[in-house]
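Visitor: I'll drop the sequence and a predicted model, then ask my questions.
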Amino acid sequence: MTVRRSAAALAATAAALCAAAAPAAVAAPSPSPSAALPSGLYGTNDPTYDGVWRQSLAFLAQQTAGVTPAAKAVDWLTGQQCDSGAFPAYRADASAPCTDKTMVDTNATAAAVQALRTVGGHQDAVANAVSWLKSVQNEDGGWGYTAGSPSDANSTSIVIGALARAGEKLGDVTTHGGKTPYAALLTFSIPCGGKDGGAFAYQPDKAGKLAANGDATAAGVLGALGKGLVVSDNAAVKDPACHKGSPLEPEQAAQNGASYLTTALAKSGHLDAAPMPGAEGSEPQPDFGNTADAVVALSAAGHKDKAAASVTWLEKNSAAWAKQSGPAAYAQLILAAHATGTDVHDFGGTDLVARLNATGPEPAAVKKPTATATEEEEKKDSGDGDGIGGVWWFVGIGLAVGAGAGFLISGRRKNQQL
């Protein structure tokens, strides 16, 4: 579940979210255009709606590439946390205590939990955030974007990932009525059959009907698998299938979602963005972020081969989008590449890690990219490496002959690229 919370998307939905939130919650104020952004923050766009989100995704993506973020970047993230354990999307003045008007949310908190758990050394902050998330669990077992708002597939899924990453046993995270997070998540799964069969809806509409949503489906797949935002390259390959029947097990719901995503991506290699209000009927536009999320979800479900065409499409088409969108976009692409074993340092000719690092303070440490297998083979073929014909082959022979020993040292272990 790689939930995408861009500033534009949140700005468009802020009013609706506030109306659904607890009465005391109000929208966070926008920073003054003339105000300088914190030096530890990633990105230069207005962070009002996604500051904690993009910082957290940046840390998670950097970790997959062996990058250690700067101390001041980590300090900025931890400084956003309220005494309750919750995180808002952004607090311009972190020195002032949070109040009942500080708009904290589950998505920012869950993303921060995963990021700080990855960075390490912030057990208390993680524990406090987890406690807050558990304290605002809805009676159906899920979570909404804000405390008290109706559960949705995206929020429930990212909280599941955060709890799992923090070491919580999800079966023990229950409401007074015994509902687990999976109980809520599965209510958003559309039964097999029809063009939307297997997909996840964000929420039911006023009539209780479920409509397929690509972002919610990618999120729901990861949530149903109990996985966080970072997914390692999954060597297992399964044939996607939609499981009929009720009730579904979480694994079955995840595979149903993967089956839907496979079909949705098959035609063009990408998902389309939902039309903006008033733009219905216009030409569909590609959704780069949701496509990257879908790649991660498919790999997690064992369908990396079905995501290959989408990875290729992203390599060819995502550069301008990522440059304009900033750190969260680069992070999403890195997570998609990482999940499929794609080279993050040569993603369609772009070094995604270098681009992400450049959006924030200089990292504390950067692991140097290792040579690819092809480069190693070229060394050996040219006689410059350690293989047969290379200098160490002859040194090995000389040592063996001189010592009268009956062994020969040749070759060496290759480094594997993350």
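Guide: Thanks, I have it. Numbering: from 1, shown residues only.
Visitor: only C-alpha atoms for contact and neighbour calcs from this point on.
Guide: Noted.
Visitor: distance of the closest residue to His345 other than its chain neighbours from Ala319?
Guide: Leaving aside its sequence neighbours, His345 sits nearest to Asp351 (CA to CA, 6 or more residues apart in numbering; 3.9 Å). Going from Asp351 to Ala319 by CA to CA, to the nearest Å gives 10 Å.
Visitor: counting contacts, what elements does whatever helix or strand Val74 lives in pack onto?
Guide: Assigned by DSSP states H and E, Val74 belongs to helix 71-79. Where contact means 3 or more CA pairs under 8 Å, 6 or more residues apart in numbering; DSSP states H and E, helix 71-79 is packed against helix 51-64.
Visitor: what is the orientation angle of the helix it packs on with helix 71-79?
Guide: In terms of direction (axes from the mean of the first three to the mean of the last three CA atoms, to 10 degrees), helix 51-64 departs from helix 71-79 by 130 degrees.
Visitor: Give the next helix or strand downstream of helix 51-64.
Guide: Helix 51-64 is succeeded, C-terminally, by strand 67-68 (DSSP H and E).
Visitor: who touches that next one?
Guide: Phe59, Gln62, Val119, Pro363, Ala364, Ala365, Val366, Lys367 (CA atoms under 8 Å, 6 or more residues apart in numbering).
Visitor: hang on, isn't the fifth one packed against Ala71?
Guide: Yes: using CA atoms under 8 Å, Ala364 makes contact with Ala71 at a distance of 7.1 Å.
Visitor: For the residue nearest to His345, grab phi and psi.
Guide: phi -90, psi 100 (degrees, to the nearest 10).
Visitor: Pretty sure it sits against Val344.
Guide: Yes: using CA under 8 Å, Asp351 is in contact with Val344, at 6.2 Å.
Visitor: Comparing these two, which residue is more hemmed in?
Guide: Val344 (24 against 15; other CA atoms under 10 Å).
Visitor: List the contacts of the more buried one.
Guide: Here Val344 is in contact with Ala65, Ile334, Ala337, His338, Thr350, Asp351, Leu352, Val353 (CA under 8 Å, 6+ apart).
Visitor: Helix or strand: which one has the last one?
Guide: Assigned by DSSP H and E, Val353 belongs to helix 352-357.
Visitor: From the contact counts, what lies against the following helix or strand past that helix?
Guide: Next helix or strand after helix 352-357 toward the C-terminus (DSSP H and E): strand 365-366. For strand 365-366, the packing partners by 3+ CA pairs under 8 Å, 6+ apart come out as strand 67-68.
Visitor: What's the mean pLDDT across the strand it packs on?
Guide: The pLDDT scores in strand 67-68 average 98.
Visitor: partners of it, with directions?
Guide: Paired strands of strand 67-68, with direction, are strand 365-366 (antiparallel) (DSSP bridges).
Visitor: Got the phi and psi for Asp287?
Guide: Torsion angles, degrees, to the nearest 10, at Asp287: phi -110, psi 100.
Visitor: Now do it against Leu229, distance only.
Guide: The value you get for Asp287 to Leu229, if CA to CA is used, is 18 Å.
Visitor: And these two? Which one has more around it.
Guide: Leu229 (26 against 17).
Visitor: does the more buried one really touch Val159, like I thought?
Guide: No: in this structure Leu229 lies outside contact range of Val159 using CA under 8 Å: 10.4 Å.
Visitor: ok, back up a step: now do the residue nearest to His345 against Ala92, distance only.
Guide: For Asp351, the distance to Ala92 - CA to CA - is 31 Å.
Visitor: And for Ala322?
Guide: 25 Å.
Visitor: Likewise for Ala254?
Guide: 38 Å.
Visitor: who's more crowded, these two?
Guide: The neighbour comparison of Ala254 against Ala92 (other CA under 10 Å) goes to Ala254, with 33 against 18.
Visitor: so that one sits in a strand?
Guide: No: membership of Ala254 in a strand is not supported by DSSP: H, G, I helix; E, B strand; the rest coil, which gives helix.
Visitor: Kindly state the pLDDT recorded for the closest residue to it other than its chain neighbours?
Guide: Setting aside the residues directly before and after it, Ala254 is nearest to Val221 in space (CA to CA, 6+ apart), at 4.3 Å. Listed pLDDT for Val221 reads 98.
Visitor: please renumber so the chain begins at 58
Guide: Got it, first residue is 58 now, which makes that one Val278.
Visitor: My guess is Val278 contacts Ala310. True?
Guide: Yes: with contact defined as CA under 8 Å, Val278 counts as touching Ala310 (7.3 Å).
Visitor: the more surrounded of the two?
Guide: Neighbour count, other CA under 10 Å: between Val278 and Ala310, Val278 has more, with 35 against 31.
Visitor: And what about Ala293, helix, strand or coil?
Guide: coil.
Visitor: need the contact list for it.
Guide: Ala293 neighbours (CA under 8 Å, 6+ apart): Gly359, His360.
Visitor: Quick check: pLDDT value at it.
Guide: 71.
Visitor: just Ala298 next, same as before
Guide: So, for Ala298, pLDDT stands at 89.
Visitor: What of Pro426?
Guide: pLDDT at Pro426 comes out at 75.
Visitor: From Thr320, how far out is it?
Guide: 35 Å.
Visitor: Output the helix holding Val131 as CSV - backbone C-alpha positions only.
Guide: Provided in CSV are the C-alpha atoms of helix 128-136 (Å, rounded to 0.1, in the frame of the first residue of the first chain):
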residue,chain,number,x,y,z
ALA,A,128,20.5,14.5,11.7
LYS,A,129,18.7,17.8,11.2
ALA,A,130,16.3,16.1,8.7
VAL,A,131,15.5,13.5,11.3
ASP,A,132,15.2,16.1,14.0
TRP,A,133,12.7,18.0,11.9
LEU,A,134,10.5,14.9,11.6
THR,A,135,10.6,14.0,15.3
GLY,A,136,10.0,17.7,16.2
